[in-house]
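Student: Below are the sequence and a predicted model for it; my questions follow.
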Amino acid sequence: MKDQDSFARTQYVGMYFKVLPASLILGIIALFASGWLAFILIMLGGLLLPFPAMYATGRIADFFVFIYNGGSGRNTLQDQLAGEVDKIRILKREDKFKEALEQAEAVLVRDPEHPEALFFKAQILSQEFEKYGAANACLSKIIDRDPAPDDKLLQWAETLREEILERIKERAEQQG
């Protein structure tokens, strides 16, 4: 999937498109009224003005990624989702299953066929919430996917599906 996420779509770069033209106009006026020093100070102010808003919202790192990428500010959707899947892994490791499930849902909203997010969702649903039907549906998406995910993930999905089927049999025997 080659969906590109451009920083030009974010409000932070949008701030620059609003602030820099105004700074340029004020800088030109200051240049004629007070000289080069005023022009330089106003232009620096225009460059630094959006930083407090980015810092306050925790998005300052996005700006540096934007600069580091040579101003393109583009990451593929898969690059972004890989980071979000790492968050799921960490939340699951910390036994924060509800948050991990919410993060998996967020990934699946952006890419409904993401194999790792589907696997983590299935794991959490089956092992922590005992929702075997929903977990099995996630695993079916992984197993039936074309092209197939990597062999290791496919093997894990098949193993988890077998465990779920065993648990369903055990539950049916206890009830019936």
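Tutor: Looks like it came in fine.

Student: For the helix or strand hosting residue 44, name the packing helices and strands.
Tutor: For residue 44, the host element (DSSP states H and E) is helix 36-48. Here helix 36-48 touches helix 11-34, going by 3 or more C-beta pairs under 8 Å, 6 or more residues apart in numbering; DSSP states H and E. To be clear about C-beta, it is placed using only N, CA and C from the backbone, and glycine gets the same treatment.

Student: Let me see the mean pLDDT of the helix it packs on.
Tutor: The average of the pLDDT scores along helix 11-34 is 72.

Student: what are the ranges of the strands in this structure?
Tutor: 4-6, 74-76 (DSSP state E).

Student: Mean pLDDT lowest where, among the ones you listed?
Tutor: Among those, strand 4-6 carries the lowest mean pLDDT (a mean of 43).

Student: picking up where we left off before, what does the helix holding residue 44 contact?
Tutor: 19, 20, 22, 23, 24, 26, 27, 28, 30, 31 (C-beta atoms under 8 Å, 6 or more residues apart in numbering).

Student: can you pull the contacts of the last one?
Tutor: Translated: residue 31. Residue 31 neighbours (C-beta under 8 Å, 6+ apart): 38, 39.

Student: ok, now how distant is it from residue 41?
Tutor: Distance of residue 31 to residue 41, computed by C-beta to C-beta, to the nearest Å: 11 Å.

Student: Mind listing what's buried along stretch 39-48?
Tutor: Counting neighbours by 16 or more other C-beta atoms under 10 Å, one finds that the buried residues in stretch 39-48 are 39, 42, 43, 46.

Student: err, stretch 24-33, not the other one
Tutor: 26, 27, 30, 31.

Student: for stretch 123-131, same thing?
Tutor: Quick answer for stretch 123-131 (16+ other C-beta under 10 Å): 123, 124, 125, 126.

Student: now residue 96: how far from residue 172?
Tutor: Taking C-beta to C-beta as the measure, residue 96 falls 31 Å from residue 172.

Student: So those two - more neighbours on which side?
Tutor: residue 96 (14 against 9; other C-beta atoms under 10 Å).

Student: For the more buried one, give me its contacts.
Tutor: Counting by C-beta under 8 Å, 6+ apart, residue 96 has no contacts.

Student: Let me know the outermost residue of this structure.
Tutor: residue 33 (47.7 Å; C-alpha atoms, centre = their mean).

Student: quick one on the thing from earlier: what is the nearest of the contacts of helix 36-48 to residue 88?
Tutor: residue 19 (36.5 Å; C-beta to C-beta).

Student: Neighbours of the residue nearest to residue 105 when sequence neighbours are not counted, how many?
Tutor: Nearest residue to residue 105 in three dimensions, chain neighbours excluded: residue 121, at 7.3 Å (C-beta to C-beta, 6 or more residues apart in numbering). Residue 121 has 26 neighbours, counted by other C-beta under 10 Å.
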